[in-house]
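> Quick one, structure for this:
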Amino acid sequence: MWTAHHYHSGDPTDGGKACIPSLKTMHMEVATSTTQLAVTNKDKANLLQVTFFPELTAGGPSQPPPEYPTPKFKYIMITKELYYAISKLGPYKVPGPGRIQNVVLIQCTDLIIPHLGPLYSTTFDLGVYLDCWRESLTVLRKTAKPDYTVLGVHHPITLLNTIPKVLVACVATDLVQLSEIHALLLSNHFGCCPGRTTLDSLHFMVKLIKDAWCKKKL
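Numbers count the residues shown, from 1 in each chain. Okay, here's the model as predicted:
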């Protein structure tokens with residue numbers, strides 16, 4: 001019910017009707033602050049670019065190259081992981097620059113995986129990541145936001161190409177599992193670990209506090 005209300009209360013999903021209204025921004029001076037309005041498309045684009053993509057600042061003094069320890073494992077792509085990654089895709093998500101819908105991979109899994117497997121393996125063997133796979137689209141609008149004249153309401157959402165998105169999902173899943181197997185993370189690490197939710201971290205924190213109370217350390 002909440003999801004239905006969320007979309008019902010939002011703006012129309014027709015992309016032709018959606019537009020960015022005039023944006024309000026605060027201009028701070030010595031003793032006062034004034035509100036400025038970005039009306040033209042150029043002003044809106046410049047304001048959004050400065051807000052979400054600030055210029056990179058110069059780094060500190062050059063550091064010596066880091067010394068990495070010996071790798072704990074060698075990554076190997078397994079075909080069955082592709083089936084799992086594709087099965088987790090939302091069929092009708094908005095596609096990225098490649099314009100390939102997720103439903104195409106879901107409906108043609110048995111036909112596509114024999115070609116995707118060697119392609120992904122070659123990516124690791126040669127150490128090459130295609131430039132077209134790096135392309136993405138950034139979408140600003142989300143449904144049911146109260147006032148789009150406020151700059152902070154806009155939220156950048158990155159849409160990736162479908163083909164490399166499956167590869168990234170497989171690598172992310174494997175890295176999490178291999179990190180657990182080889183004990184590369186702390187025993188009380190919760191972020192991105194399977195079976196460890198935010199609720200589990202709260203229970204862990206409460207237990208630490210109660211144990212400290214029992215030992216009269218707090």
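> quick one: contacts of stretch 66-77?
Gly117, Tyr120, Ser121, Phe124, Cys170, Val171, Asp174, Leu178, His182, Leu184 (Cβ atoms under 8 Å, 6 or more residues apart in numbering). Every C-beta, even on glycine, is put in place using the N, C-alpha and C of the backbone.
> what about the last one, neighbour count?
Yep, that's Leu184 we're talking about. Leu184 is flanked by 12 other residues according to other Cβ atoms under 10 Å.
> swap in the fifth one?
The number of residues packed near Cys170 is 20, by other Cβ under 10 Å.
> Which residue, neighbours along the chain excluded, lies closest to the residue nearest the centre of the chain?
Geometric centre of the chain, nearest residue: Thr158, 7.2 Å, by Cα atoms, centre = their mean. Spatial nearest neighbour of Thr158, excluding adjacent residues (Cβ to Cβ, 6 or more residues apart in numbering): Ser136 at 4.9 Å.
> Return the residues in contact with that neighbour.
Here Ser136 is in contact with Gly96, Pro97, Thr158, Leu159, Leu160, Asn161 (criterion: Cβ under 8 Å, 6+ apart).
> Specify the beta-bridge partners of it.
For Ser136, the beta-bridge partners under DSSP bridges are Leu160.
> So for it, what's the pLDDT?
Listed pLDDT for Ser136 reads 82.
> Extract the C-alpha set from stretch 50-70 and format it as CSV.
Coordinates of each C-alpha in stretch 50-70 appear next as CSV, following Å, rounded to 0.1, in the frame of the first residue of the first chain:
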residue,chain,number,x,y,z
VAL,A,50,28.3,22.6,-9.0
THR,A,51,26.1,21.0,-6.3
PHE,A,52,26.4,17.3,-7.3
PHE,A,53,29.8,17.4,-9.2
PRO,A,54,32.1,19.8,-7.4
GLU,A,55,35.5,20.5,-8.8
LEU,A,56,38.3,18.3,-7.5
THR,A,57,40.7,20.0,-5.2
ALA,A,58,44.5,19.5,-5.3
GLY,A,59,45.7,16.7,-3.2
GLY,A,60,48.3,16.8,-0.5
PRO,A,61,52.0,16.1,-0.9
SER,A,62,52.8,13.0,-3.0
GLN,A,63,52.9,9.8,-1.0
PRO,A,64,55.2,6.9,-1.7
PRO,A,65,53.5,3.9,-3.4
PRO,A,66,51.7,1.7,-1.0
GLU,A,67,53.0,-1.8,-0.2
TYR,A,68,50.2,-4.3,-0.6
PRO,A,69,50.3,-7.7,1.1
THR,A,70,50.3,-11.0,-0.9
